[in-house]
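J.: Based on what follows, work out the 3D shape:
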Amino acid sequence: MRGFILSIFFAFAIAGIAVFAARTSQREQAAPPSAHETHGSAPPQALILQEADGERRIRRPGTPNPAWPFTIKVDGQNGNAQDFYVVTEIMSPGQTIRFHKHDNAEEILILEEGGATVTVGDKRAVAGPRSIVFIPRDTWISVTNGGTQPIHLYAIFSRQGYERYMRAISAREGQPMTPLNPEELPRLRADGHSTYWDTSKGAYPPGVPHP
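T.: Model (predicted):
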């Protein structure tokens, strides 16, 4: 009798181990590659970036705000970063970053000079010098330089993705500026984990404050 019970016990134990191994294998196969695996075997690289350093790019014709330059400072191609995407640009008086949101990353904006009207989520304010704006995932954000001087803007993303869209709508400084077909924008934005507000539905997305 004791031998029979042990046989049953071992049979259940072996079956349990087989099920556990199968589930583990399925999870490993379904799991997305890590950022380190995506970017290759090279480890992240420490950087000390001066103001002029980085990947300098200019928005192509056919995009919102064409000819507006920006600089990619850190991402998978610059420093082999595993998580962060950092970009800088200068907003001239009157320029606007249209309402958009990101579904995969939190974002922090740092505004070195004052004078920008910032709308984020259910908040709206004129930002003073060295202001910081926190933008949660899936939150509408828009920035307008309503002042009289340029504003240095720094954007820090907790996860990469949006840089794919920014590269697609731009060219490196000094390279040919091939016009972009505006019909490509929805696909490129989706690839960059971003959604832009359709202004045919009104000037403001639902739930955001406005004058």
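J.: With residue 74 as the reference, measure out to residue 128.
T.: Distance, residue 128 to residue 74, by CB to CB, to the nearest Å: 26 Å. All C-beta spots, glycine's among them, are computed from the backbone N, C-alpha and C.
J.: Then residue 120?
T.: 23 Å.
J.: Over to residue 143?
T.: From residue 143 to residue 74 the distance is 21 Å (CB to CB).
J.: Ok, residue 118 next?
T.: In terms of CB to CB, residue 118 sits 23 Å off from residue 74.
J.: same deal with residue 193?
T.: 17 Å.
J.: Looking at these two, which is more packed in?
T.: Shown here are residue 193 and residue 74; by other CB atoms under 10 Å, residue 74 has more neighbours (24 against 19).
J.: Now the most centrally placed residue in the chain: closest residue in space, sequence neighbours ignored.
T.: Centroid-nearest residue in the chain: residue 162, 3.6 Å away (criterion: CA atoms, centre = their mean). What sits nearest to residue 162 in space, not counting adjacent residues and going by CB to CB, 6 or more residues apart in numbering, is residue 192, at 4.8 Å.
J.: quick one, what contacts the one you found?
T.: The neighbours of residue 192, taking CB atoms under 8 Å, 6 or more residues apart in numbering as the test, are 161, 162, 163, 164, 165, 166, 168.
J.: what's the pLDDT at the second one?
T.: Looking at residue 162, its pLDDT is 98.
J.: Quick check: end-to-end length of stretch 82-102?
T.: 18 Å (CA to CA, to the nearest Å).
J.: and if you look at stretch 204-211?
T.: Stretch 204-211 end-to-end distance (CA to CA) = 10 Å.
J.: Same check on stretch 77-94?
T.: 32 Å.
J.: so how far is residue 87 from the residue nearest to the centre of the chain?
T.: 8 Å.
J.: Look up which helix or strand the closest residue in space to residue 210 that isn't next to it in sequence falls in, please.
T.: Distances taken as CB to CB, 6+ apart place residue 204 nearest to residue 210, at 4.6 Å, with adjacent residues excluded. Following DSSP states H and E, there is no helix or strand that holds residue 204.
J.: buried set for stretch 54-64?
T.: 54, 55, 57, 58, 59, 60, 62, 63 (16 or more other CB atoms under 10 Å).
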